[in-house]
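**Student:** The amino acid sequence is not available; the structure is as follows:
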């Protein structure tokens with residue numbers, strides 16, 4: 001099973017997690033929103049045919065995490081947010097975490113990652129699922 005996990009966390013403990021899983025016959029995306037101040041997480045899952053998710057899975061499979069790592073530099077701050085993207089295939093896992101990433105022509109692989117992550121959120125929001 002191929003899994004993509006996208007986590008967006010703010011410095012004040014709110015977190016949004018999208019988990020996209022591809023099975024043999026279908027796929028699903030689970031959205032979990034963790035609010036500030038210890039509020040309970042809100043979770044929703046949608047299932048859909050594999051053909052509907054091909055564009056998203058292809059976008060993540062095309063990423064070169066070593067290039068993203070090299071583009072990231074040493075930036076870190078006390079406020080802002082982080083983006084963590086994890087790819088799992090069976091027991092293998094690959095992840096990258098970035099502080100306040102933004103689209104930038106000088107960081108093409110990071111920009112591809114941001115756009116792939118945006119696809120997951122947009123796909124979950126589709127009303128036809």
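**Tutor:** Thanks, I have the structure now. This is a predicted model, so every value here is computed, not measured.

**Student:** What helices and strands are in contact with the top helix by length along the chain?
**Tutor:** Taking DSSP state H as the criterion, the chain has its longest helix at helix 108-125. Packing partners of helix 108-125 (3 or more Cβ pairs under 8 Å, 6 or more residues apart in numbering; DSSP states H and E): strand 2-10, strand 15-22, strand 26-34, helix 50-61, helix 65-72, strand 81-89, strand 92-99. For the C-beta atoms, the positions are set from N, CA and C on the backbone; glycine is no exception.

**Student:** Same list as before, these that is, but in TSV and with mean pLDDT included.
**Tutor:** Formatted as TSV, the helices and strands packed on helix 108-125 follow (pLDDT from 0 to 100):
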stretch	mean pLDDT
strand 2-10	90
strand 15-22	92
strand 26-34	90
helix 50-61	90
helix 65-72	92
strand 81-89	92
strand 92-99	92
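
**Student:** can you put those in JSON lines and add mean neighbour count and distance to residue 42?
**Tutor:** Formatted as JSON lines, the helices and strands packed on helix 108-125 follow (neighbours: other Cβ atoms under 10 Å; distance: least, Cβ to Cβ, whole Å):
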{"stretch": "strand 2-10", "mean neighbour count": "18", "distance to residue 42": "15"}
{"stretch": "strand 15-22", "mean neighbour count": "18", "distance to residue 42": "10"}
{"stretch": "strand 26-34", "mean neighbour count": "17", "distance to residue 42": "5"}
{"stretch": "helix 50-61", "mean neighbour count": "15", "distance to residue 42": "22"}
{"stretch": "helix 65-72", "mean neighbour count": "15", "distance to residue 42": "29"}
{"stretch": "strand 81-89", "mean neighbour count": "17", "distance to residue 42": "19"}
{"stretch": "strand 92-99", "mean neighbour count": "14", "distance to residue 42": "23"}
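
**Student:** I appreciate the help and will end here.
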